[in-house]
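In: Just a sequence and a predicted model for now, questions to come.
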Amino acid sequence: MRERSIGIQELQANLSRCLDEVRRGTTLLLTDGERRVARLIPEPDTSALRGGLPIAWSGRRLKETKPRARLRGGGSMADIVRENRR
């Protein structure tokens with residue numbers, strides 16, 4: 001991974017070119033004078049996570065699920081809370 005230091009004024013003047021560099025894998029270290037301010041890093045390629053297939057979502061709200069806690073002894077959580085309140 002390549003890294004290059006760049007001043008804020010140069011970034012403002014050449015934003016498109018700098019973003020192209022980042023897309024190609026270069027990390028840009030933004031500086032204000034001698035002080036480090038931020039780092040622009042390339043976004044990781046997520047297509048490999050799903051075998052090259054994009055992840056699709058319909059936009060619908062997901063179904064609510066109830067957490068299932070399994071307790072030793074077969075009692076319920078409510079039974080434990082009641083016992084601890086005594």
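Out: Received it, and whenever you're ready, just let me know what you need. None of these values were measured; they are calculated from a predicted model. Residues are numbered from 1 along each chain as shown.

In: CA atoms for contacts and neighbours, from now on please.
Out: Noted.

In: what residue ranges in this protein are flagged as low confidence?
Out: Along the chain, segments meeting pLDDT under 70 span 1, 46-55, 69-70.

In: any chance you could map the strands in it?
Out: Per DSSP state E, the chain carries strands over the ranges 3-7, 27-32, 35-40.

In: if you compare those, which one is most tucked away?
Out: Neighbour counts (mean count of other CA atoms under 10 Å) averaged over each of the strands of the chain peak at strand 27-32, with a mean of 18.

In: if we can go back for a sec, now the strands of the chain as CSV including distance to E21?
Out: Conversion of the strands of the chain to CSV gives the following (distance: least, CA to CA, whole Å):
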stretch, distance to E21
strand 3-7, 10
strand 27-32, 8
strand 35-40, 10
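
In: so which of those strands comes closest to K66?
Out: K66 lies closest to strand 35-40 among those, at 40.1 Å (CA to CA).

In: Give me the angle between that closest one and strand 27-32.
Out: On the basis of axes from the mean of the first three to the mean of the last three CA atoms, to 10 degrees, strand 35-40 is oriented at 150 degrees to strand 27-32.

In: So which elements touch strand 35-40?
Out: With contacts defined as 3 or more CA pairs under 8 Å, 6 or more residues apart in numbering; DSSP states H and E, the packing partners of strand 35-40 are strand 27-32.

In: quick one: strands adjacent to the strand it packs on?
Out: Using DSSP bridges, the strands paired with strand 27-32 are strand 3-7 (parallel), strand 35-40 (antiparallel).

In: Let's have the ones you listed in CSV, adding distance to A13.
Out: Listed next are the strands paired with strand 27-32 as CSV, based on distance: least, CA to CA, whole Å:
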stretch, distance to A13
strand 3-7, 10
strand 35-40, 16
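
In: who wins for proximity to P67 among these?
Out: Closest among those, using CA to CA: strand 35-40, at 39.2 Å.

In: so I6 makes contact with T31?
Out: Yes: taking CA atoms under 8 Å as the definition, I6 is a contact partner of T31 at 6.1 Å.
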